[in-house]
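Trainee: Output the structure for:
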Amino acid sequence: MTQVPELANPQASLEEEEANERLVGTLYKALSSKDFDEVQRLLAPDLEWWFHGPPNHQHLMHLLTGSAPSSSSPSFVFVPQTIVAFGSTVLVEGFEKERSVSWVHAWTVTDGIITQVREYFNTSVTVTRFGAGASQTISSPAVTALRSASANKSQSVWESKLCDINSVPGLVLAL
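Mentor: The predicted structure is shown next:
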């Protein structure tokens, strides 16, 4: 059996994950206080954005671009329930009670700047690590890694918890 080498400095990885979590948390604080100068400082100018959900739920796009949703609908407020990082990927999950929608954002942080966001509305998201790294222990203290005995060496490392998985589509996000 081949032994997977451990990370050269696991503490550095944990420190990077904690810094990425803080950075994304700062973004949500800036969004909620409408501090768009801070938002602009945290995001890459060419932020890559991907959306999965009904078109009328593109609330993050409206916030980030300054485009206004229909005047008859109140503005959407993103209140994170959980924030957890896996290396450069930071997952944030929340639930908007008034509209009864759950959401998950998967942010990518590169050199201290947010470069990508994948947004999921009313979708159950499972994050899975594939390949040789799947057998390594996840360094994030907020997550208990679930080991899979499958031949493809996959490891489920996070699942959304705020949506009713029986009534929404499910996606697997591979790391």
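
Trainee: so what's Met44 up against?
Mentor: Quick fix: residue 44 is Ala, not Met. Counting by C-beta atoms under 8 Å, 6 or more residues apart in numbering, Ala44 makes contact with Thr110, Ile113, Ile114, Thr115. Every residue, glycine included, has its C-beta placed from N, CA and C.

Trainee: Return the member of the residues you listed nearest to Ala30.
Mentor: Ile114 (11.2 Å; C-beta to C-beta).

Trainee: Neighbours of the closest one, how many?
Mentor: 21 (other C-beta atoms under 10 Å).

Trainee: how far away is it from Arg99?
Mentor: Separation of Ile114 from Arg99 (C-beta to C-beta, to the nearest Å): 25 Å.

Trainee: for Gln58, same thing?
Mentor: To Arg99, Gln58 is 13 Å away according to C-beta to C-beta.

Trainee: Who has more neighbours out of the two?
Mentor: Gln58 (18 against 14).

Trainee: Can you read off the backbone torsions of the more buried one?
Mentor: Backbone geometry at Gln58, expressed as degrees, to the nearest 10, gives phi -90, psi 50.

Trainee: Was I right to think it contacts Phe51?
Mentor: Yes - the criterion here is C-beta atoms under 8 Å, and Gln58 meets it with Phe51 at 5.8 Å.

Trainee: give me the low-pLDDT residue ranges for the chain?
Mentor: Across the chain, the stretches falling below the confidence threshold (pLDDT under 70) are 1-12, 68-74, 123-124, 130-158, 160-175.

Trainee: Helices of that one, residue ranges please.
Mentor: For the chain, the helices defined by DSSP state H cover 10-32, 36-42, 59-65.

Trainee: quick one: which of the ones you listed is nearest Gly87?
Mentor: That would be helix 10-32 among these, by C-beta to C-beta, at 6.6 Å.

Trainee: Just to check, His57 is in contact with Phe121?
Mentor: Yes - between His57 and Phe121 there is a contact under C-beta under 8 Å: 4.2 Å.

Trainee: anything in contact with each of these two?
Mentor: Common contact partners of His57 and Phe121 (C-beta under 8 Å, 6+ apart): Val101, Trp103.

Trainee: between these two, which one's more packed in?
Mentor: It is Phe121, of His57 and Phe121, that has more neighbours when counted by other C-beta under 10 Å, with 22 against 19.

Trainee: Identify the residue nearest that one in space, chain neighbours excluded?
Mentor: Leaving aside its chain neighbours, Phe121 sits nearest to Gly53 (2.9 Å; criterion: C-beta to C-beta, 6 or more residues apart in numbering).

Trainee: Give me the neighbour count for that neighbour.
Mentor: 19.
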